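S.K.: I'll drop the sequence and a predicted model, then ask my questions.
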Amino acid sequence: MLENIRSSLRGIWSHKLRSFLTILGVIIGIASIIAIVSIVEGTNRKLERSLVGSGNNVTTVSLSQDNWPYDFSGGVPSGIPVLPQAVLDQVRQLGGAENATAYRSRQGWNSVYYQNRSLSNGTVTGIDASFLDTMQFSVIRGRTFTEQELERGSKVALIDQNAADALFDGGDPLGLAVEIQQEPFVVVGVVRDDNAGQEEYDSLNDYYMYGYRTGASHVYIPGEAWPIIYQFDEPVTVGVRASTTGQMASVGSRTAELLNNYVTNDTIRYTAINALEEADELKTLTNAIQLMLVSIASLSLLVGGIGVMNIMLVSVTERTAEIGLKKALGAKNRTILAQFLTESAVLTSVGGVLGVLLGIGLAKVISVVAGLEFGVSVPWILIAVGFSMAIGVLFGAMPASRAAKLDPIEALRRE
């Protein structure tokens, strides 16, 4: 086998132009497939970052009714108790869960003021001690809440940079009081979402669909202070950070199942909101498009395979005397068959490797020119090279079989 491979490579090198023209169809077909797959792979990665972010891995579990988030403006529904603190400990013990937090959030238009300024798109969130770590927030100015402030529900607040810019116009907010539902809260720190900015949006529509959370202004208060501004202690939303992005769905569903053990309402239940599922739905669409485009590109491989079969038939004709001499010296049919199949497979494999390199380069150029994402799929590279080798075996079978069946006396006489 190794001798056949070496002989095949020598033959390709000694007839470089003919070999190149023979495998040109294979090169173009493989290059097209790799370019398509690389662009789609990059697009899928970008979709996942746009919806999920990079490294956040947080899924939220909140109350929903008829597949819509429950609106607490009408009050707390019956059969939905406030979850005990011990539930969070149970959530943290779930396989794949790194940390968990319980919080309440309300988007209040013009409900947060500082003097004559207000937040046009402000969200107020009541948090616990594990919120910043679970959601991967960091304090960039000032401090976080003390344990006593969290336990007592002190009227203190953390704000993000969007809120600081909107309310204080670039000034120092620390120590100043903002009004939330006409109640004063002293700003003690400015926080930042460490994963903000890692999502990517190509258009304004994408931003409105997926980026409103990072574009809004946020104010955070101790969870125990929630009844001060909304007059009732409503049920919480649970945020769970999974160890990996792939574990978000399973961790979220198991958390929802755990929380629903405390719910006696038949129509309102806890549901995991997993952005990864949205990304998977969109990736299913892009993968379907990829399959269609790959199928079209594969037609050029058929043309390349016919070219390989043609040149192998020519090779058999040219080497009739060689075949006859080998068979006269005792070479068996399977030996001749293996030789020509190896030559055909090596020829198309070289075309496959060149096609992969060309396809990667082509995808990189397209990604730069069109502003698309670029991603190399190693499994598809292996599939492409293997497929090119299979084409050589498939289309080389008939010429190889013809060579193997040559009668040695007739072959020598024909020469």
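M.R.: Arrived safely, thanks for sending.

S.K.: is residue 145 in a helix, a strand, or coil?
M.R.: Three-state assignment for residue 145 (DSSP: H, G, I helix; E, B strand; the rest coil): coil.

S.K.: name the element residue 308 belongs to?
M.R.: helix 275-318 (DSSP states H and E).

S.K.: could you list the domains of this structure?
M.R.: Under automatic domain parsing, the residue ranges defining each domain of the chain are 2-50+281-414, 54-274.

S.K.: any chance of those domains in CSV, plus mean neighbour count and mean pLDDT?
M.R.: (Glycine included, C-beta is placed from N, CA and C.) Formatted as CSV, the domains of the chain follow (neighbours: other C-beta atoms under 10 Å; pLDDT from 0 to 100):
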stretch, mean neighbour count, mean pLDDT
domain 2-50+281-414, 18, 76
domain 54-274, 17, 83
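
S.K.: what's the helix holding residue 308 packed up against?
M.R.: Under the contact definition 3 or more C-beta pairs under 8 Å, 6 or more residues apart in numbering; DSSP states H and E, helix 275-318 sits against helix 16-52, helix 248-260, helix 333-370, helix 378-404.

S.K.: need those in a markdown table with distance to residue 306, can you?
M.R.: Converted to a markdown table, these look like this (distance: least, C-beta to C-beta, whole Å):
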| stretch | distance to residue 306 |
| --- | --- |
| helix 16-52 | 8 |
| helix 248-260 | 46 |
| helix 333-370 | 12 |
| helix 378-404 | 7 |
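
S.K.: nearest to residue 165, of these?
M.R.: Residue 165 lies closest, by C-beta to C-beta, to one member of the helices and strands packed on helix 275-318: helix 16-52, at 24.2 Å.

S.K.: helices and strands around the closest one, which ones?
M.R.: Using 3+ C-beta pairs under 8 Å, 6+ apart, the elements in contact with helix 16-52 are helix 204-210, helix 275-318, helix 333-370, helix 378-404.

S.K.: sticking with residue 190, tell me its helix or strand.
M.R.: Using DSSP H and E, residue 190 falls in strand 183-193.

S.K.: partners of that strand, with directions?
M.R.: When pairs are called by DSSP bridges, strand 183-193 turns out to pair with strand 137-142 (antiparallel), strand 156-160 (parallel), strand 177-180 (antiparallel).

S.K.: identify the residues contacting residue 220.
M.R.: Residue 220 makes contacts with 124-127, 131, 157-159, 191, as judged by C-beta atoms under 8 Å, 6 or more residues apart in numbering.

S.K.: what is it paired to in the beta sheet?
M.R.: With DSSP bridges as the rule, residue 220 is bridged to residue 125, residue 158.

S.K.: distance check, it against residue 157.
M.R.: According to C-beta to C-beta, to the nearest Å, residue 220 and residue 157 sit 6 Å apart.

S.K.: likewise for residue 163?
M.R.: 9 Å.

S.K.: name the residues contacting each of those two.
M.R.: With C-beta under 8 Å, 6+ apart as the test, residue 163 and residue 157 both reach residue 219.

S.K.: so residue 233: helix, strand or coil?
M.R.: Following three-state DSSP, the label given to residue 233 is coil.

S.K.: contacts only, for it.
M.R.: So residue 233 contacts 76, 82, 226-227 (C-beta under 8 Å, 6+ apart).

S.K.: out of the residues you listed, which are inside helices?
M.R.: 226-227 (DSSP state H).

S.K.: which of the contacts of residue 233 lies closest to residue 117?
M.R.: Using C-beta to C-beta, those come closest to residue 117 at residue 226, 23.6 Å.

S.K.: so what's that closest one closest to, chain neighbours aside?
M.R.: Among residues not flanking residue 226 along the chain, residue 126 sits closest, at 4.0 Å (C-beta to C-beta, 6 or more residues apart in numbering).

S.K.: try residue 271
M.R.: Nearest non-adjacent residue to residue 271 (C-beta to C-beta, 6+ apart): residue 64, at 4.3 Å.

S.K.: need the three-state assignment for the one you found.
M.R.: Going by three-state DSSP: residue 64 is strand.

S.K.: any idea how far it is from residue 124?
M.R.: Applying C-beta to C-beta to residue 64 and residue 124 gives a distance of 21 Å.

S.K.: mind putting the helices and strands packed on helix 16-52 into CSV with distance to residue 263?
M.R.: Output for the helices and strands packed on helix 16-52, formatted as CSV (distance: least, C-beta to C-beta, whole Å):
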stretch, distance to residue 263
helix 204-210, 29
helix 275-318, 22
helix 333-370, 48
helix 378-404, 43
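
S.K.: doesn't residue 100 lie inside a strand?
M.R.: Yes. Assessed with three-state DSSP, residue 100 lies in a strand.

S.K.: the nearest residue to it once chain neighbours are set aside is in what secondary structure piece?
M.R.: On the basis of C-beta to C-beta, 6+ apart, the spatially nearest residue to residue 100 that is not a chain neighbour turns out to be residue 91, at 4.2 Å. Using DSSP H and E, residue 91 falls within helix 86-92.

S.K.: put the alpha carbons of stretch 242-261 into CSV.
M.R.: Provided in CSV are the C-alpha atoms of stretch 242-261 (Å, rounded to 0.1, in the frame of the first residue of the first chain):
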residue,chain,number,x,y,z
ALA,A,242,-24.3,27.3,34.7
SER,A,243,-20.8,26.0,34.5
THR,A,244,-20.9,26.0,30.7
THR,A,245,-23.1,27.4,28.1
GLY,A,246,-24.2,24.0,27.0
GLN,A,247,-25.6,23.3,30.5
MET,A,248,-27.8,26.3,30.6
ALA,A,249,-30.9,24.5,29.3
SER,A,250,-30.7,21.5,31.7
VAL,A,251,-29.9,23.7,34.7
GLY,A,252,-32.7,26.1,33.9
SER,A,253,-35.3,23.3,33.5
ARG,A,254,-34.3,21.5,36.7
THR,A,255,-34.4,24.8,38.6
ALA,A,256,-37.9,25.6,37.3
GLU,A,257,-39.0,22.1,38.3
LEU,A,258,-37.6,22.6,41.8
LEU,A,259,-39.4,26.0,42.2
ASN,A,260,-42.7,24.7,40.9
ASN,A,261,-42.8,22.3,43.8
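
S.K.: name the residues that touch it?
M.R.: 48, 52, 57-61, 83, 87, 90-91, 94-98, 100, 238, 240, 269-274, 276-277.

S.K.: need the contact list for the residue nearest to residue 271.
M.R.: Taking C-beta under 8 Å, 6+ apart, one finds 70, 268-271 in contact with residue 64.
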